[in-house]
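Enquirer: how would this look folded up:
(chains A and B)
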Amino acid sequence: MKTPSGHQVYAMAAEYQSATALYEAAKRVRDAGFKRWDVYSPFPIHGMDQAMGLGKSWLSAVVLCGGITGLLTAVVLEFGPSWFIYPVIVHGKPFDWRTVPAFFPIMFELTVLFSAFAAFFAVLIMNGLPRWNHPIFNWNRFGRVTNDSFFLAIEARDPRFTEIEARELLESTGGQNITIVHED
Amino acid sequence: METAPTAPRVISDEKPLARVPLVLNKRNFSWLTERISGVVEQPAPRWWWVTFTITATIAAFGVFCLGYQISTGVGTWGLNHPVGWAWDITNFVFWIGIGHAGTLISAILFLLRQKWRTSINRSAEAMTLFAVMCAAIFPGIHVGRVWMAWFLAPVPNSWGVWPNFRSPLMWDVFAVSTYFTVSVLFWYTGLIPDLATLRDRATSKIKKLLFGIFAVGWRGSNRNWRHYEMAYLVLAGLSTPLVLSVHSVVSFDFATSILPTWHTTIFPPYFVAGAIFGGFAMVLTLMLPARAIFKLHDIITPQHVDKMAKIILLTGSFVSYAYAMEFFMAWYSGNQYEKFAFFNRIFGPYWWYWWVGMLFCNALSPQLFWFKWCRRNVYVVYFVCMCVNAGMWFERFIIIVGGLHRDFLPSSWGMFYPTWVDIWTFIGTFGIFTSLFLLFIRFLPMIAMSEVKTVLPESNPHHGPAPGHSPPVIAGKEHA
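Expert: Below is the predicted model of the structure:
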C-alpha cells in the first residue's frame, strides 16, 4: 500500500495520553480481529499481554535448554579430566563417579552461566534485536515513547488493514495525532 | 432509646492505612525522565572533576603497586610463614561480599515483589560489578606468577595437566567468574530501555550513535516487553541462588580446611549474611551522597533508607548470632585448639580487631536501627554504615589472619605486618571502585527509569478514571 506521494505505508498509528487509555484501546483492537499490530510504552504495562491477546512468553523454554547444556558441559568438563585423562588422588578422595559431591559447585555454576547467556541472547533474538532502524521511528512524535507517551500502531501488512477502518478504530478508542507511518 | 457508643468517625481524605508512595510529591513520568537523564546530560559539575581526579590518582597508585608487586614478587607483601593469606584474601572477601547487596536488591527483592528496589537497583548492581572487579584483582595477583593464572582455567595443554575440580579454590574461580558474567548480563538487560531513553533525548551525533548501538534498537514495543519481562524474571531467578552460592563457595575456601575457627559448618550462611550486611552498608554509603548531590529525594525517599537500615539490622543480627554460635561451639565441642583459637581472638595480639571491628562495629552499631529515629536520621545511618564497612573488613582479617597466626604448634606462631605495598594496593582498590562509580553516574542513568515508572500509580492501567472520561494529562512539556 502506498500513499499518493509514493511512500510505502508501514502502519496507521495513534498516540495515547495514559497507560489506561492504551490498555483500553488495545482491547478494542484485539477484539476487532487485527493480528499485525503493536503497542509501545515507556515501561511494561501490567496485563497488556492479555489485552493484546498474547500468551505467555516461551523464553523460559530456551533458558531450560541452556541450563541443561550448561549442566552437561560441567559433567563432561569435570569427569573427563578427573576420571579419564588425568586421574589423581588428592586428599585421599576417589577420582571416579564417587567424587561427584565435590563436583556439584561447578555443575551449579555452569548451569547458571549457560542459562543466563541463553536468557540474554534469547530475548534479543526473539525480539529481532539488535536492529539499526525500524519504520516506527520515522514518526517524529515517537521519540517520546521512552519518556512518557503511549502509542499503538496497526500495520499495513495485516490482512484486515484498510486505511479508513484503521483510522476509524483508532479514533473511536480516543487515539490522538493519528497518522500514517511510512516504511521508508 | 440509647444507642451503643460508637467510635468517633475520623474524617480524613486519606485512607488511614494508605501506603506511603514510593515516589514522593506525585512526580510524573516525564519528571522522572528529565531528572534522571539530566544527571547524565548536563556537563560534569566541578565537584565531579575534583573527586574524580583524587580517586583516579589513588587508583593509579594502586595500579602502580600492583605493577611493582608483579615485577618484584609476592615478597613485597608482608605475607610470610605462618600467615600465608593476609590482606590480599581479606580484601578479596571484603570486596566480593560488598557485591552481594547489589544482587540481593536486583534479584531477590525482585522475586519478593519489593517494588521499592526500583529506585536503587541500577546503582547497586553497578556497585556489584565494580566491587567484583576489585575483588578479582587479589586472588589473581596472589597466585604469584600472574602470567600463569590461566592454569586456573581447564584448558587442554601440552603437559596434560588439569586443574583439580575437587578444590574449593577451583570452585571459587568458577563461582566468581560466573557471578561477574551473570551480573553484567542482568545489569545490561536492565539498562537497555533506559539507554533507549538517552538515545531518544541525545542531541549530539556521537551520543546518538553510541546510545543507539547500546540500546540495540529498543522501541518499547509490548511484543518486546513480553519476552523482556520473562528474561528479566529468569535472570532474577538465576541470580538468586547464584549470589547465595558465591559467598558460600568463598567460605568453603576456609571451611574445608582443618584450621580451628575455619573448619566450621556455619560458614556458608554466616558469610552470605555478612556479605549482604556489608553490601547494604556500602550501597547506603554511595547512595546517600548521590541522593543529596543530584537532589533525588523524591525517588530515594526516607522510606528506602529505612528499609535498607532494617535489612542491615536483620543481617547484622544474623552475623552477631553466628559470632556467638562460634564461641558456643568452641566451648561445647571440647576441642582445645578451637577453644584456644577463640580465646586468642578476644585476648590475643589481635584483640582490638575483635573488640572494635566485630563487637562494636558489626554486632552493636546496627542495633541502633531498632529505633525509627535512627533509621530516619541520615547522619546516624551514615555513621552505622561506616562502622559496618570497617567492621566487615576487620571481621575477614580476624577470620583469616587470626586463624593462621597461631595454629596447632606454638613453635610456628608468628605475626603479620603489612608493608606499604599491602596498604596502598588496598587503598588503590578504593580508588578504582570510586572512580568506576563516578564514571558510571556520569555516563549512565543511575536510576532505572523504566522500572521506577512502573511504581507510579498511573502506570497501572486500572488506575484513574473509567474509560469514556477524558484521560488525565500526565505528559510534561511538549518536545519539538
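
Enquirer: what comes up buried for stretch B:306-324?
Expert: B:306-309, B:311-320, B:322-323 (16 or more other CB atoms under 10 Å in any protein chain shown). Yep, even glycine has a C-beta here, placed from its N, CA and C like the rest.

Enquirer: same question for that stretch, mean pLDDT?
Expert: For stretch B:306-324, mean pLDDT rounds to 95.

Enquirer: and for stretch B:137-144?
Expert: Average pLDDT, stretch B:137-144: 88.

Enquirer: same deal with stretch A:173-183?
Expert: On average, stretch A:173-183 scores 90.

Enquirer: just stretch A:31-39 next, same as before
Expert: pLDDT averaged over stretch A:31-39 gives 91.

Enquirer: may I have the distance across that stretch, first residue to last?
Expert: End-to-end distance for stretch A:31-39, by CA to CA, to the nearest Å: 15 Å.

Enquirer: quick one on the thing from earlier: nearest to A:K27 among the buried residues of stretch B:306-324?
Expert: B:K307 (36.2 Å; CB to CB).

Enquirer: could you find the closest non-adjacent residue to the closest one?
Expert: Among residues not flanking B:K307 along the chain, B:W116 sits closest, at 5.9 Å (CB to CB, 6 or more residues apart in numbering or on different chains).

Enquirer: for the one you found, phi and psi?
Expert: Dihedral pair for B:W116: phi -70, psi -20, per degrees, to the nearest 10.

Enquirer: how about the residues of the stretch 1-150 of chain B that lie near chain A?
Expert: Residues of the stretch 1-150 of chain B lying close to chain A by CB under 8 Å from any CB of the partner chain are B:N28, B:F29, B:S30, B:T33.

Enquirer: tell me how many other residues crowd A:E171.
Expert: Neighbourhood size, A:E171 [other CB atoms under 10 Å in any protein chain shown]: 12.

Enquirer: what do you get for B:L185?
Expert: Around B:L185 there are 20 residues (other CB under 10 Å).

Enquirer: the one 10 residues further on now?
Expert: Around B:L195 there are 21 other residues, counting by other CB under 10 Å.

Enquirer: quick check, it in contact with B:G217.
Expert: No - the pair B:L195 and B:G217 fails to qualify as a contact (CB atoms under 8 Å) at a distance of 10.6 Å.

Enquirer: quick one: the strands in chain A?
Expert: In chain A, strands defined by DSSP state E lie at A:9-16, A:37-40, A:150-155, A:176-182, listed in chain order.

Enquirer: how about those strands in CSV, adding distance to chain B and mean neighbour count?
Expert: Output for the strands of chain A, formatted as CSV (distance: least, CB to the nearest CB, whole Å; neighbours: other CB atoms under 10 Å in any protein chain shown):
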stretch, distance to chain B, mean neighbour count
strand A:9-16, 7, 24
strand A:37-40, 5, 24
strand A:150-155, 8, 25
strand A:176-182, 10, 17
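
Enquirer: can I get those strands in a markdown table including distance to B:H100?
Expert: Listed next are these as a markdown table, based on distance: least, CB to CB, whole Å:
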| stretch | distance to B:H100 |
| --- | --- |
| strand A:9-16 | 41 |
| strand A:37-40 | 36 |
| strand A:150-155 | 37 |
| strand A:176-182 | 46 |
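
Enquirer: nearest to B:L259, out of those strands?
Expert: Distance to B:L259, taken as CB to CB, is lowest for strand A:37-40 among those, at 59.6 Å.

Enquirer: now do the closest one: which elements does it pack against?
Expert: Using 3 or more CB pairs under 8 Å, 6 or more residues apart in numbering or on different chains; DSSP states H and E as the contact test, the elements touching strand A:37-40 are helix A:19-31, strand A:150-155, helix B:222-255.

Enquirer: how about B:Y232: what's its closest non-neighbour residue?
Expert: Leaving aside its sequence neighbours, B:Y232 sits nearest to B:T189 (CB to CB, 6+ apart; 6.3 Å).

Enquirer: give the contact list for the residue nearest the centre of chain A.
Expert: Residue closest to the average C-alpha location in chain A (CA atoms, centre = their mean): A:N127, at 4.1 Å. Contacts of A:N127 were listed using CB atoms under 8 Å, 6 or more residues apart in numbering or on different chains, and they are B:S221, B:R223, B:N224, B:H227, B:Y228.

Enquirer: same thing with B:V216?
Expert: Contact analysis of B:V216 by CB under 8 Å, 6+ apart lists A:L124, A:L129, A:P130, A:R131, B:I192.

Enquirer: swap in B:T33?
Expert: Applying CB under 8 Å, 6+ apart, one finds that B:T33 lies in contact with A:P42, A:T146, A:N147, A:D148, B:T197, B:R201, B:M449, B:G476.

Enquirer: most neighbours, which of the contacts of A:N127?
Expert: Ranking those using other CB under 10 Å puts B:Y228 first, with 27 neighbours.

Enquirer: that residue contacts A:D49, doesn't it?
Expert: No - applying CB under 8 Å, one finds B:Y228 not in contact with A:D49, separated by 11.7 Å.

Enquirer: helices of the stretch 51-200 of chain B, residue ranges please.
Expert: B:87-103, B:109-111, B:121-142, B:168-201 (DSSP state H, counting those that start in this stretch).

Enquirer: same check on chain A?
Expert: In chain A, the helices defined using DSSP state H lie at A:19-31, A:48-52, A:59-79, A:104-126, A:163-172.

Enquirer: B:L404: which of those helices is closest?
Expert: When the helices of chain A are compared by CB to CB, helix A:104-126 sits nearest B:L404, at 23.9 Å.

Enquirer: next, the angle from the closest one to helix B:168-201.
Expert: Interaxial angle of helix A:104-126 relative to helix B:168-201 (axes from the mean of the first three to the mean of the last three CA atoms, to 10 degrees): 20 degrees.

Enquirer: okay, now the unreliable bits of chain B?
Expert: Along chain B, the model assigns pLDDT under 70 to residues B:1-17, B:464-480.

Enquirer: and chain A, by the same measure?
Expert: Ranges of chain A meeting pLDDT under 70: A:1.

Enquirer: got phi/psi on B:A86?
Expert: Phi and psi for B:A86, reported as degrees, to the nearest 10, are phi -140, psi -110.

Enquirer: skipping its backbone neighbours, what lies nearest it in space?
Expert: B:F416 is the one closest to B:A86 (CB to CB, 6+ apart), at 4.9 Å.

Enquirer: count the residues that sit near the one you found.
Expert: Other residues close to B:F416 by other CB under 10 Å number 23.

Enquirer: one more: the one 10 residues further on?
Expert: By the criterion of other CB under 10 Å, B:F426 has 21 neighbours.

Enquirer: do B:Y337 as well
Expert: By other CB under 10 Å, the residues close to B:Y337 number 17.

Enquirer: likewise the one 5 residues further on?
Expert: As a burial measure, B:F342 scores 21 neighbours (other CB under 10 Å).

Enquirer: with A:E78 instead?
Expert: A:E78: 24 surrounding residues under other CB under 10 Å.

Enquirer: which of the helices and strands packed on strand A:37-40 is buried the deepest?
Expert: Comparing the helices and strands packed on strand A:37-40 by mean neighbour count (mean count of other CB atoms under 10 Å in any protein chain shown), strand A:150-155 comes out on top with a mean of 25.

Enquirer: now tell me what touches it from outside.
Expert: Identification of contacts with strand A:150-155 by CB under 8 Å, 6+ apart yields A:10-19, A:21-22, A:25-26, A:29, A:34, A:36-42, A:136, A:141-142, A:145, A:161, A:166, A:169-170, A:173, A:175, A:181.

Enquirer: cutoff 6 Å now
Expert: A:11-16, A:22, A:25, A:34, A:36-41, A:145, A:166 (CB atoms under 6 Å, 6 or more residues apart in numbering or on different chains).
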